[in-house]
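Q: structure for this input, please:
(one chain, ligands or ions: 1)
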Amino acid sequence: MTTEATKPRYEFSQNTKDKIKMAAAFICANPDCHLVTIGPSGSDENRIQYNGKVSHILPASVGGPRDREKVTPEERMAIENAIFLCSSCGDLIDKNNGIDYPESLLKKWKEDHHQWTKSNLNKPYNGKQTINIGAILNNSPVAVQNIYTGQVPEDKEIAHDLEIFKKLEEIADEPLLMLIWNSLKDYFRLMSSQQHKLDDVRDFFELSKNDFLNDNIQQAALNYKASLEKLDVILSYDFDKYPANQGTRDYRLELLPYSIHYTGRELNATDHAKFEKGAEKMRTIMPELIDNYRKFRLEIKRALAY
Ligand SMILES: [Zn+2]
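A: This is a model prediction of the structure:
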């Protein structure tokens, strides 16, 4: 029987790797990430920083992540089987043998990303936030009424609360919270788009406060909001922000401190203790956050039969 260590790996040729990197414009194809993976080194003009990875969609060796029956070595090495990701996302897609990142999803990422780079080719770079709570609200006549008048006609109250609940679910539902929780648990990384979603939920609560149907919902909403605020404090003060000085549109919070993530250097004891402290707080807050979200959702369901 072949053991894990002796299974051959069918790697991409250098030519394939180069083509895939360039077609992706060195930008991670994960739509929630879009990390720019290449740039100058901080001080030495002779060096570059590169944080990208040409990853396998179907695995490089038999039995790897996302493997299926009868895949030939040629298929494993083919350019069609390659996707460009940042190194974090490259690791992420292979966790739990790739169960959360099936072949069809990665192919879609790749195709969408190539469409995106193609449509942006020869255009000036224009980084913008994509999440816009104002735009969401403007599409909702009932909610707009609430913001500008502070009141909702009685016969519209149920529709209004339901509307708010749906918007909150759209912005940050349980799968998103679980995704964030898993990232934090594994000392991974929080995408800035995820962080913005959490911010938007808090903003939404501000806009809609006191308009929930009953005291139970309101209390559950406040608890949920309070946990989100605690999480935000931890993210803001206990973890590094990267890249602090880079003007990309999607900067992200690194849960691993900068030095270890980008240079592989070991943390000194002081930094390590600081990081562990932050991680420990996080492990406490996330189950509470998810629990509060569930209670909030349950109260809404009870009241609105949603
Ligand atoms: Zn990425």
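
Q: quick one: name the residues of the stretch 1-150 of the chain near the ion.
A: Cys28, Asn30, Cys33, Leu35, Cys86, Cys89 (Cβ under 5 Å from the ion). Using the backbone N, CA and C atoms, a C-beta is placed for each residue, glycine as well.

Q: which SS state does the third one fall under?
A: Going back to what we said before, that points to Cys33. Three-state assignment for Cys33 (DSSP: H, G, I helix; E, B strand; the rest coil): coil.

Q: next one: it from Asn15, what distance?
A: According to Cβ to Cβ, to the nearest Å, Cys33 stands 26 Å off from Asn15.

Q: compare those two (neighbour count), which wins?
A: Cys33 (21 against 9; other Cβ atoms under 10 Å).

Q: in the stretch 201-306 of the chain, where is pLDDT below threshold?
A: 203-214, 235-268, 271-272, 275, 300-301, 303-306 (pLDDT under 70).

Q: the ion contacts on that one?
A: Counting by Cβ under 5 Å from the ion, the stretch 201-306 of the chain has no residue next to the ion.

Q: can you give me the buried ones in the host helix or strand of Gln219?
A: In the assignment (DSSP states H and E), Gln219 maps to helix 215-238. Buried residues in helix 215-238, counted by 16 or more other Cβ atoms under 10 Å: 216-218, 220-221, 223-225, 227-228, 230-231, 234-235, 238.

Q: tell me the helices and strands packed up against the longest helix seen in the chain.
A: Counting by DSSP state H, the longest helix found in the chain is helix 269-304. Helices and strands touching helix 269-304, by 3 or more Cβ pairs under 8 Å, 6 or more residues apart in numbering; DSSP states H and E, are helix 157-171, helix 174-185, helix 215-238.

Q: ok so, going back, nearest to the ion among the buried residues of helix 215-238?
A: Leu235 (18.5 Å; Cβ to the ion).

Q: wait, Ile20 touches Ile83, no?
A: Yes: the pair Ile20 and Ile83 passes the contact test of Cβ atoms under 8 Å, sitting 7.3 Å apart.

Q: now do the shared contacts for the two.
A: Val54 (Cβ atoms under 8 Å, 6 or more residues apart in numbering).

Q: the two: which has the busier surroundings?
A: The residue with more neighbours, out of Ile20 and Ile83, is Ile83; 25 against 21, by other Cβ under 10 Å.

Q: and what about that one, helix, strand or coil?
A: Going by three-state DSSP: Ile83 is strand.
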